[in-house]
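Engineer: any chance you could fold what I've pasted below:
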Amino acid sequence: MADLKEKLCFPVFEIIGQAGDELGLDTYVVGGFVRDSIMGRECKDIDIVTIGSGIELAKKVQEKIGGKSNISVFKNFGTAMLHFWSEGEDWQVEFVGARKESYSHSSRKPVVENGTLEDDQNRRDFTINAMAVCLNKDRYGELLDPFEGREDIKRNIIRTPLDPDITFSDDPLRMLRAIRFACRLDFSIHPDTFDAIKRNAHRIEIVSMERNIEEINKMLSSDYPSMGLRLLDKSGLLELLFPELVKLKGTESVGEKSHKDNFKHTLEVLDNVSKMSDKLYLRWAAVLHDIGKPYCKRFDEKTGFSFHGHEIKGSRMVKPIFRRLKLPLNEKMKYVEKLVLLHLRPIVLAEDVVTDSAVRRLLFDAGDDIDDLMLLCRADITSKNINKVKKFMNNFEIVERKMREIEEKDRIRNFQPPVCGEDIMEIFSLSPCREVGILKTIIKDAILDGKIPNERNAALQLLYQEAEKLGLKRQ
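Structural biologist: Numbers count the residues shown, from 1 in each chain. This next block holds a predicted model:
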């Protein structure tokens with residue numbers, strides 16, 4: 001455990017304490033900064049609670065700091081945000097007066113009243129976030145920890161300060177926050193707290209999906225994101241928020257033939273990706289890469305279970321899932337769609353003879369996302385058969401070597417055919433028509449199949465030959 005007074009050595013804390021003394025306000029740093037300081041983690045976002053006006057205190061602190069600082073005041077919420085630069089550090093400090101809250105059953109937005117420090121600590125979500133450190137001169141550095149948050153940090157426990165049923169019913173988003181903190185800090189959720197999450201899971205319906213997905217994205221951004229999805233599943237929240245993922249659960253056997261649990265496999269792939277990349281939407285591609293399997297499952301007495309076409313079905317499911325979860329419907333979504341659609345292609349190449357033509361087409365279809373696609377495919381090999389894994393990984397290296405060779409020679413990645421539709425229409429005096437599309441496809445396929453080089457002269461020669469077959473003459 002880190003020494004709190006060492007963390008409070010930054011001049012900003014003394015300045016805040018001095019401002020509080022001059023105004024006659026008891027002043028405390030609370031929440032995440034205290035938690036992270038005790039854990040020895042870096043934190044530049046500071047929450048200050050004062051027994052009085054947080055806005056008045058913020059203005060006094062800005063007056064004392066001067067220099068490079070700006071303040072944003074939110075009168076309706078009684079808060080102020082001070083942003084300043086000091087000794088090469090970028091700081092953000094939020095000031096608020098101590099308050100108490102009461103909730104109605106149909107909303108997670110509380111009725112707020114002025115309160116005491118005790119009221120303010122009572123309203124906090126978890127014991128590890130309910131600690132406060134005094135900044136006033138006569139009590140500087142004193143830790144106020146009424147719910148044993150410091151002990152819970154030692155025990156690696158997430159626990160609510162008060163009755164967890166009331167905590168989660170009042171603000172159901174705290175259920176996701178509990179799982180997110182467990183994920184990010186590698187903590188366990190106290191059994192009583194987790195049981196309350198299960199009892200109150202249905203209350204998540206009053207929380208906006210924008211807030212829900214913000215927490216889920218933070219879970220996916222952790223070192224072991226599978227932990228978050230497992231806890232969501234065990235709590236009953238996953239079924240409510242992401243039912244498509246729950247459909248992947250379970251195995252089925254017919255005689256001696258069976259298939260693996262695709263939910264467990266997906267979690268393995270997600271963790272494998274996370275060891276190699278911190279890209280959030282590559283992790284989303286891992287979550288969704290097999291999402292189409294339940295809809296494509298077939299059984300044949302000779303060959304057993306199959307999921308043919310699940311990559312096509314899964315790619316088509318990405319947009320409606322993104323829309324419902326309030327994920328961005330932009331290039332990030334298209335990136336995930338592409339990776340889900342193509343995730344089997346390198347594996348098929350690795351199983352078969354690696355032809356130049358197949359590699360060209362993979363490079364063309366994946367474009368600049370080819371490296372991420374190959375990373376996803378490596379992560380997708382979760383077999384417990386060591387020899388099988390070794391074979392795939394060796395073959396992936398062959399595929400990647402061929403890609404480098406072909407890319408250097410043919411410049412296929414994101415290539416535009418050297419003869420475009422406008423060229424074809426000009427050469428043959430055509431308006432947009434079926435023949436233009438046919439000729440464009442012939443040129444593209446000839447380059448990808450290695451029949452002609454990716455050069456304009458070669459493409460023009462082929463164009464003239466194929467156009468003649470279609471009865472077209474140059475003008």
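Engineer: sketch out the low-pLDDT regions of the stretch 351-475 of the chain for me.
Structural biologist: Along the stretch 351-475 of the chain, the model assigns pLDDT under 70 to residues 351-353, 409-415, 475.
Engineer: same thing but 80
Structural biologist: Scanning the stretch 351-475 of the chain for pLDDT under 80 picks out 351-356, 405-417, 475.
Engineer: repeat for the chain
Structural biologist: Within the chain, the segments meeting pLDDT under 80 span 1-10, 43-45, 66-68, 76-77, 85-90, 100-113, 348-356, 405-417, 475.
Engineer: what do you get if the cut-off is 70, keeping everything else the same?
Structural biologist: Low-confidence segments of the chain (pLDDT under 70): 1-7, 67, 86-88, 101-108, 110-112, 350-353, 409-415, 475.
Engineer: which parts of the longest helix anywhere in it are buried?
Structural biologist: With secondary structure taken from DSSP state H, the chain has its longest helix at helix 386-410. Residues 392, 395, 396, 399, 400, 402, 403, 406, 407, 410 are the ones in helix 386-410 that count as buried (16 or more other CB atoms under 10 Å). The way it works is simple: take the backbone N, C-alpha and C, and place the C-beta from them, glycine included.
Engineer: between these, which is closest to residue 267?
Structural biologist: In terms of CB to CB, no member of the buried residues of helix 386-410 lies closer to residue 267 than residue 392, at 19.6 Å.
Engineer: counting contacts, what elements does the longest helix of the chain pack onto?
Structural biologist: Here helix 386-410 touches helix 345-351, helix 356-366, helix 370-379, going by 3 or more CB pairs under 8 Å, 6 or more residues apart in numbering; DSSP states H and E.
Engineer: quick one: contacts of the helix or strand following it?
Structural biologist: Beyond helix 386-410 on the C-terminal side, the first helix or strand identified by DSSP states H and E is helix 421-428. Under the criterion CB atoms under 8 Å, 6 or more residues apart in numbering, residues 430-432, 435-437, 439-440, 463, 467, 472-475 lie in contact with helix 421-428.
Engineer: what do you get for stretch 208-225?
Structural biologist: 173, 176-177, 179-180, 183-184, 186, 204, 227-229, 232, 241, 270-271, 274, 278, 280, 283-284, 287, 324-327.
Engineer: next one: it to chain centre, how far?
Structural biologist: Computed by CA atoms, centre = their mean, to the nearest Å, the separation of stretch 208-225 from the middle of its chain amounts to 6 Å.
Engineer: what are the buried residues along it?
Structural biologist: Judged by neighbour count (16+ other CB under 10 Å), stretch 208-225 contains these buried residues: 211-213, 215-222, 224-225.
Engineer: residues contacting residue 45?
Structural biologist: For residue 45, the contact set (CB under 8 Å, 6+ apart) comprises 32, 33, 92, 94.
Engineer: what do you get for residue 312?
Structural biologist: 292, 341.
Engineer: next, give phi and psi for it.
Structural biologist: Backbone torsions of residue 312, given as degrees, to the nearest 10, read phi -70, psi -50.
Engineer: gap between it and residue 197?
Structural biologist: 37 Å (CB to CB, to the nearest Å).
Engineer: how about residue 305: what's its closest non-neighbour residue?
Structural biologist: Excluding the flanking residues, the one nearest residue 305 by CB to CB, 6 or more residues apart in numbering is residue 259, at 4.1 Å.
Engineer: backbone dihedrals for the one you found, please?
Structural biologist: phi -130, psi 160.
Engineer: surely it meets residue 248?
Structural biologist: No - with contact defined as CB atoms under 8 Å, residue 259 does not reach residue 248; the gap is 11.0 Å.
Engineer: ok, back up a step: residues in a beta bridge with the residue nearest to residue 305, which ones?
Structural biologist: Residue 259 has these beta-bridge partners by DSSP bridges: residue 252.
Engineer: who's in contact with it?
Structural biologist: Contact analysis of residue 259 by CB under 8 Å, 6+ apart lists 251, 252, 297, 304, 305, 307.
Engineer: got it, and residue 277?
Structural biologist: Contacts of residue 277 (CB under 8 Å, 6+ apart): 283, 372, 375.
Engineer: if we go to 10 Å?
Structural biologist: Counting by CB atoms under 10 Å, 6 or more residues apart in numbering, residue 277 touches 283, 286, 371, 372, 375, 376, 379.
Engineer: dump these to JSON lines, plus distance to residue 135 and neighbour count.
Structural biologist: As requested, the contacts of residue 277 are exported to JSON lines (distance: CB to CB, whole Å; neighbours: other CB atoms under 10 Å):
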{"residue": "283", "distance to residue 135": "39", "neighbour count": "25"}
{"residue": "286", "distance to residue 135": "44", "neighbour count": "30"}
{"residue": "371", "distance to residue 135": "49", "neighbour count": "12"}
{"residue": "372", "distance to residue 135": "46", "neighbour count": "20"}
{"residue": "375", "distance to residue 135": "47", "neighbour count": "19"}
{"residue": "376", "distance to residue 135": "48", "neighbour count": "25"}
{"residue": "379", "distance to residue 135": "47", "neighbour count": "24"}
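Engineer: okay if I get those as JSON lines plus distance to residue 419?
Structural biologist: Shown next, in JSON lines, are the contacts of residue 277 (distance: CB to CB, whole Å):
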{"residue": "283", "distance to residue 419": "40"}
{"residue": "286", "distance to residue 419": "39"}
{"residue": "371", "distance to residue 419": "29"}
{"residue": "372", "distance to residue 419": "30"}
{"residue": "375", "distance to residue 419": "34"}
{"residue": "376", "distance to residue 419": "34"}
{"residue": "379", "distance to residue 419": "39"}
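Engineer: which one of those is nearest residue 46?
Structural biologist: Nearest to residue 46 among those, with distances taken as CB to CB, is residue 283, at 29.6 Å.
Engineer: give the buried residues for whichever strand or helix holds that closest one.
Structural biologist: Element membership of residue 283, judged by DSSP H and E, is helix 280-288. By 16+ other CB under 10 Å, the buried positions in helix 280-288 come out as 281, 282, 283, 284, 285, 286, 287, 288.
Engineer: nothing else from me, thank you.
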